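> coordinates only, sequence not included:
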Ligand SMILES: *[C@@H]1O[C@H](CO)[C@@H](O)[C@H](O)[C@H]1NC(C)=O
């Protein structure tokens, strides 16, 4: 029963079709400057959606809240289970969109986005091998990054509802590159302050290596947020309102 209400709601919203917020320009597909227009519209969207959007039911982007993100152990050296809850990311709206493209022929979307001074916090549970040490810890994480480049590639499909065409994002992949990352996990190894200190020293002295350990978690966090956002927006704004012919 629980799932019926949101389904009905989604149906009612999608049959009406929401407009693109007026501040965001709908780009003209036949315009030679279509690609340029997309980049500036994407740039605008991050500021327009910064505080969320009621018509679209989009929650605030800056700060961005995520309930839970699970990261499976990776084959090879990153053999840890990670769970993050109450995730808050600050700085999403102040980035620079380097590239954004929407190819309507094969339904692919990509976004290249650079963020500066990004701040994240979350409650974490980590279990497994972290830099060769056995870790089984819960706590609060604070992470900051001075430079963050995020590249997202998504595939989509077009679908029709009541003769109106929409798109739905099917898959999305995130690649990121970060510099000057700092992680503050608090105590990671309980009952052994010496070993805990050593682990923190390794993390602090090798931020780039440690980012490789954290990369799956960072990419999964981002992917979860972007996938949700794109589908929320695209499921409600019909294609003919997103783009002009
Ligand atoms: C993203 O944009 C930056 C800056 O323009 C560029 O250096 C980088 O190579 C781009 N990344 C991808 C994957 O296109």
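Received, thanks. Computed from a prediction, not measured in an experiment: that's the story for all the values here.

> interface residues of the chain facing the ligand?
Proximity of the chain to the ligand, by C-beta under 6 Å from any ligand atom, involves residues 98, 112, 149, 151. C-beta here means a position set from N, CA and C on the backbone, and glycine is covered the same way.

> hmm, which of those are the buried ones?
Among the residues of the chain next to the ligand, those classed as buried by 16 or more other C-beta atoms under 10 Å are 112, 149, 151.

> the first one against residue 153, yeah?
No - judged on C-beta atoms under 8 Å, residue 112 makes no contact with residue 153 at a distance of 9.6 Å.

> below-threshold pLDDT in this structure: ranges please.
1-16, 75-78 (pLDDT under 70).

> and the longest helix for it?
Counting by DSSP state H, the longest helix found in the chain is helix 207-234.

> for that helix, packing partners?
strand 64-71, strand 80-90, strand 108-130, strand 133-161, strand 164-184 (3 or more C-beta pairs under 8 Å, 6 or more residues apart in numbering; DSSP states H and E).

> next, the residue lying farthest from the centre of the chain: secondary structure please.
Seen from the C-alpha centroid of the chain, the residue lying at the greatest distance (C-alpha atoms, centre = their mean) is residue 194, 36.1 Å away. Classification of residue 194 using DSSP: H, G, I helix; E, B strand; the rest coil returns helix.

> adjust the sequence numbering to begin at 52 for everything that follows.
Yes, from this point I'll number from 52; that puts the last item at residue 245.

> that one and residue 291: what is the separation?
64 Å (C-beta to C-beta, to the nearest Å).

> sweet, I'm off.
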